[in-house]
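> everything below, folded, please.
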Amino acid sequence: MHHDIAELRSFYYQRALGRVVQRILRDRLVSRWAPDQCSGMTVAGFGFAAPMLRPYLPAARRVTALMPGPQGVMAWPAGLPNHSVLCDETAWPLETGSVDRLVMLHALETSDHPKALLAEAWRVLGPGGRMIVMVPNRAGLWAASERTPFGLGRSYTTGQIEAQARKAGFVPEWHGSAVYIPPSDRRFWLGSAQMWERTGMRISRVLIAGVVLIELSKQVRAPIGPDLRVHVPSPLQILDGIVGPRPARSPTGGNLGKTRRNGPRH
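Numbers count the residues shown, from 1 in each chain. Take a look at the predicted model:
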């Protein structure tokens, strides 16, 4: 089951709880990838990552919000030229190796083909490119609540998402958590959200977050496998082709032969 674009837009842009979650997740993203450090880079998001991408619009070379077909698409950002595109979840309209930074939000947990989705993310990322995945925490309250987008689809633990990412060829670089308030619209929780975030990051083993975050990198190594083997020659092979030493010819060898044939002269 996929999200509906109208419900996502309503939650993040119209509901007070959604605006708080948007600010929390965006702050965590920016703390990892400062916008000025992404100057000249190509930044993309898949799922409903558009709320996370706005800080990168001024500095990045290109920003693209990819939205899967079953979810639907909306024009983004408001009041500016459109940066969003509708696409198949496993066939993105991006060139291979063209993306430097990639964000996935409300994507992996609802994907019909999560393995193929990660393979597509691997394809578009360039060598050394990085991706941050945000998914519902299996142990948190948000995964059990149907009143927010985090209650739809699969939920994950940090270990589960790392294992799935490693199988796709990614290298885990960092993991964290966010959204420590309960999925409630009460003013107390909304007003104290930032305080709970600071507390949660210090004692995350006590407080259970609603969202798991993991940063992955694409590290390309030299292809070595059954059909591509490294051959290290032995010292004898290195010397192959070098002609062995020959005795030096006597400078008088030719004359000596003639003397022997003709005999001594008197």
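> I figured Tyr56 hits Arg62, correct?
No: between Tyr56 and Arg62 there is no contact under C-beta atoms under 8 Å: 9.6 Å. Bear in mind the C-beta positions are built from the backbone N, C-alpha and C, glycine included.
> between those two, which contacts overlap?
Counting by C-beta atoms under 8 Å, 6 or more residues apart in numbering, the common neighbours of Tyr56 and Arg62 are Val43.
> what about these two, which has more around it?
Set side by side, Tyr56 and Arg62 show more neighbours around Tyr56, with 26 against 16, by other C-beta atoms under 10 Å.
> with adjacent residues omitted, what lies nearest to that one?
Spatial nearest neighbour of Tyr56, excluding adjacent residues (C-beta to C-beta, 6 or more residues apart in numbering): Val43 at 4.6 Å.
> now the element after the host helix or strand of the one you found, going C-ward?
Applying DSSP states H and E as the criterion places Val43 in strand 42-47. Downstream of strand 42-47, the next assigned helix or strand under DSSP H and E is helix 50-53.
> give the next helix or strand downstream of that next one.
Using DSSP H and E, the helix or strand that follows helix 50-53 in sequence is strand 62-68.
> what's that following strand packed up against?
The contact analysis (3 or more C-beta pairs under 8 Å, 6 or more residues apart in numbering; DSSP states H and E) places strand 62-68 against strand 42-47, helix 50-53, strand 84-87.
> Ala143 is nearest to which of these?
Closest approach to Ala143 among the helices and strands packed on strand 62-68 is made by strand 42-47 (16.2 Å; C-beta to C-beta).
> picking that back up, which outside residues touch the strand holding Val43?
By C-beta under 8 Å, 6+ apart, the residues outside strand 42-47 that reach it are 3, 52-53, 56, 60-68, 71, 89, 92, 94, 98-108, 110, 117, 121, 124.
> what's the ChimeraX line that selects buried ones from those residues?
The ChimeraX command for the buried members of the contacts of strand 42-47 (criterion: 16 or more other C-beta atoms under 10 Å) is given here:
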select :3,52,53,56,60,62,63,64,65,66,67,68,71,89,92,94,98,99,100,101,102,103,104,105,106,107,108,110,117,121,124
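> buried stuff in stretch 208-217?
Along stretch 208-217, these residues count as buried under the neighbour rule (16+ other C-beta under 10 Å): 209-216.
> just to revisit the earlier point, got the helices and strands packed on strand 62-68 as a markdown table, with distance to Thr158 and mean pLDDT columns?
Below are the helices and strands packed on strand 62-68 laid out as a markdown table (distance: least, C-beta to C-beta, whole Å; pLDDT from 0 to 100):
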| stretch | distance to Thr158 | mean pLDDT |
| --- | --- | --- |
| strand 42-47 | 19 | 98 |
| helix 50-53 | 20 | 96 |
| strand 84-87 | 28 | 97 |
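> next, count neighbours for Ser155.
Applying other C-beta under 10 Å, we find 21 residues neighbouring Ser155.
> surely it meets Ala143?
Yes: using C-beta under 8 Å, Ser155 is in contact with Ala143, at 3.8 Å.
> list residues touching both of those two?
In contact with both Ser155 and Ala143: 136-137, using C-beta under 8 Å, 6+ apart.
> ok so, going back, for Trp174, which of the helices and strands packed on strand 62-68 is the nearest?
Nearest of the helices and strands packed on strand 62-68 (C-beta to C-beta): helix 50-53, 16.3 Å.
> look at the nearest residue to Arg62 once chain neighbours are set aside and say how many residues are nearby.
Nearest non-adjacent residue to Arg62, counting by C-beta to C-beta, 6+ apart: Thr42, 4.7 Å away. Using other C-beta under 10 Å, Thr42 has 22 other residues around it.
> helices of the protein, start to end?
Assigned by DSSP state H, the chain shows helices spanning 5-13, 16-32, 50-53, 114-124, 158-167, 187-191, 193-202, 235-239, 253-262.
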